[in-house]
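Student: Provided below are the primary sequence and the corresponding predicted coordinates.
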Amino acid sequence: MPRPPSPATGVRTGDLPTTRRDVLGGLAAAPVLGLALSFPALIPSPARADGSGPFESFKPGIREITGKFTVYDIPTSYATPHCLAPDGRGGIWFVEIGANRIGKLDKASGRMKEWVIPTPAAHPHGITVDKDGFVWFSEANQDKIGRFDPRTETFKEYPVPPGGKRQGARNGVGRIHTPMMGKDGNLYCTNEWLSTIVRLDPKTGATKEYQARFAGKRGSRPYGLQVDFDGNMWFAAVGSEYIGMIDIKAETVTEHPTPTKKSGPRRLCVDPEGKIWFTEWNTHKIGYIVPRTKEMKEFDLPAAPRAGAYAVTSNGAGTIFAGEFIANQVTKFEPKTGKFTEYPMPLRRSRVRQIVCCEEGYVWYADNGNSKIVRLS
């Protein structure tokens, strides 16, 4: 049985029971019940993933994942964490929508620290860490992007073009969403309700918007964001069936429909080969697009039609992990063999919104429904 949380760290250090289900070629093996084992040895990564958002300053590691969950209690019980990001320096940063804060988990000690965002009711949503260690987050309810300096513990906020009365805006807000640092030194952020992507110059605060029209239609709702190895910015439009790309040099936007119509692509990641992976919320699939050839391929998740593919991440070997909102599980996919392995989450109604792989190869997600941070090993 897992031990109760430590008062100092809020970490449940025991192995949490899990059910593992292996699926290959669409056939499910018999469930294996019991306690999962962990493999502490870290295998050196043979490939870099230099452009992958929170991995901008480090490469994700490789570790055998077998289904051991470790749950970290956030000090604020109503935190409602949404997104999280490794910093490559031993920390996991996260945003607290429910408490209007950002937080940091120190992986070595299990301790957490939180900071209140200066603007009330900011509704912090997405978060990323740049190569210099600055923490960037979106303030979805205030049309702002925030920056936090961990060294001085100070905030700086940047206004973005407001929603106002523009088409798509709700209550005057555009809903700035997922931030990611580009290879050109600018910060990019999806602006969901306005169907735009905002570019922010951190030095001057100047902004530029790119319109995501998708076959001439508005309301595409750009959501997830991912920079590729060439420095171009990709985004998933959850209100459509398109994966979009901003050519940073040409400053043009192109659209690429997924093989399955009305797919609702939501979040993105990049693997060590440079393929951009995406989740399909409406059709319960994951897939990838090759940036230079635009080749696409999709894979049905075993839990379909009740998977709810929300977020996706890759480790340093190209193993893919998908967070499934409806099925309440993490699914591992090995592209070379086509094998899926499902790991049911230890807590009910976790409502996973984002999943990431850190430099040691552990998989992390924010448990939105229970105000926890969870590690899968």
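Tutor: Noted; the coordinates are in hand.

Student: looking at the protein, which helix or strand does the model trust least?
Tutor: strand 32-34 (a mean of 26; mean pLDDT, DSSP states H and E).

Student: Just give the strands next to the very next helix or strand once past it in its sheet, each with its orientation.
Tutor: Heading C-terminal from strand 32-34, the first helix or strand you meet, by DSSP states H and E, is strand 69-73. Take DSSP bridges as the rule and strand 69-73 pairs in its sheet with strand 11-12 (antiparallel), strand 372-376 (antiparallel).

Student: How far off centre is strand 69-73?
Tutor: Offset of strand 69-73 from its chain centre (Cα atoms, centre = their mean, to the nearest Å): 18 Å.

Student: what's the average pLDDT for that strand?
Tutor: Rounded to a whole number, the mean pLDDT of strand 69-73 is 98.

Student: go on, stretch 224-235?
Tutor: Here the mean pLDDT over stretch 224-235 is 94, rounded to a whole number.

Student: Same check on stretch 270-278?
Tutor: Model confidence over stretch 270-278 averages 95 on the pLDDT scale.

Student: what about that stretch, start to end distance?
Tutor: Terminal residues of stretch 270-278 are spaced 9 Å apart (Cα to Cα, to the nearest Å).

Student: which residue ranges form the strands in the stretch 51-200 of the chain?
Tutor: Across the stretch 51-200 of the chain, reading from the start of the chain, the strands by DSSP state E, counting those that start in this stretch fall at 69-73, 81-86, 91-96, 101-106, 112-116, 124-129, 135-139, 144-149, 154-159, 176-181, 187-191, 196-200.

Student: Please identify which of the ones you listed is closest to residue 361.
Tutor: Relative to residue 361, the nearest member of those by Cβ to Cβ is strand 81-86, separated by 10.9 Å. Just so you know, the C-beta spots here come from the backbone N, C-alpha and C atoms, and that holds for glycine as well.

Student: List of residues touching the closest one?
Tutor: Residues outside strand 81-86 that contact it (Cβ atoms under 8 Å, 6 or more residues apart in numbering) are 53-55, 58, 74, 92-97, 103, 124-129, 135, 178, 353-354, 356-359, 364-368, 371-373.

Student: 7 Å instead, please
Tutor: Counting by Cβ atoms under 7 Å, 6 or more residues apart in numbering, the neighbours of strand 81-86 from elsewhere in the structure are 54, 74, 92-97, 125-129, 353-354, 356, 358-359, 364, 366, 368, 371, 373.

Student: ditto for stretch 247-255
Tutor: Against stretch 247-255 from outside (Cβ under 7 Å, 6+ apart): 182, 184, 210-212, 214-215, 231-233, 242, 244-246.

Student: now those residues as a markdown table including neighbour count?
Tutor: Converted to a markdown table, those look like this (neighbours: other Cβ atoms under 10 Å):
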| residue | neighbour count |
| --- | --- |
| 182 | 20 |
| 184 | 14 |
| 210 | 19 |
| 211 | 13 |
| 212 | 27 |
| 214 | 23 |
| 215 | 10 |
| 231 | 13 |
| 232 | 21 |
| 233 | 25 |
| 242 | 22 |
| 244 | 24 |
| 245 | 20 |
| 246 | 22 |
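
Student: Looking at the residues you listed, which are in strands?
Tutor: Of the positions in these, 210-211, 233, 242, 244-246 sit in strands, assigned by DSSP state E.

Student: For residue 160, state which of these is nearest.
Tutor: Of all these, the one sitting nearest residue 160 is residue 210; the distance, using Cβ to Cβ, is 12.6 Å.

Student: For the closest one, list each beta-bridge partner.
Tutor: Beta-bridge partners recorded for residue 210 (DSSP bridges): residue 197.

Student: That one and residue 196 touch, don't they?
Tutor: Yes - Residue 210 lies in contact with residue 196 (Cβ atoms under 7 Å); the separation is 6.2 Å.

Student: count of neighbours near the residue nearest to residue 285 when sequence neighbours are not counted?
Tutor: Once flanking residues are discounted, residue 285 sits nearest to residue 298: 4.9 Å by Cβ to Cβ, 6 or more residues apart in numbering. Residue 298 has 15 neighbouring residues, counting by other Cβ atoms under 10 Å.

Student: element containing residue 298?
Tutor: Secondary-structure element containing residue 298, defined by DSSP H and E: strand 296-300.

Student: Now distance to residue 238 and mean neighbour count too, for the strands of the stretch 51-200 of the chain, in JSON lines please.
Tutor: Formatted as JSON lines, the entries for those read as follows, by distance: least, Cβ to Cβ, whole Å; neighbours: other Cβ atoms under 10 Å:
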{"stretch": "strand 69-73", "distance to residue 238": "27", "mean neighbour count": "22"}
{"stretch": "strand 81-86", "distance to residue 238": "15", "mean neighbour count": "27"}
{"stretch": "strand 91-96", "distance to residue 238": "19", "mean neighbour count": "25"}
{"stretch": "strand 101-106", "distance to residue 238": "24", "mean neighbour count": "21"}
{"stretch": "strand 112-116", "distance to residue 238": "29", "mean neighbour count": "16"}
{"stretch": "strand 124-129", "distance to residue 238": "14", "mean neighbour count": "26"}
{"stretch": "strand 135-139", "distance to residue 238": "15", "mean neighbour count": "27"}
{"stretch": "strand 144-149", "distance to residue 238": "20", "mean neighbour count": "20"}
{"stretch": "strand 154-159", "distance to residue 238": "24", "mean neighbour count": "16"}
{"stretch": "strand 176-181", "distance to residue 238": "10", "mean neighbour count": "27"}
{"stretch": "strand 187-191", "distance to residue 238": "10", "mean neighbour count": "27"}
{"stretch": "strand 196-200", "distance to residue 238": "14", "mean neighbour count": "24"}
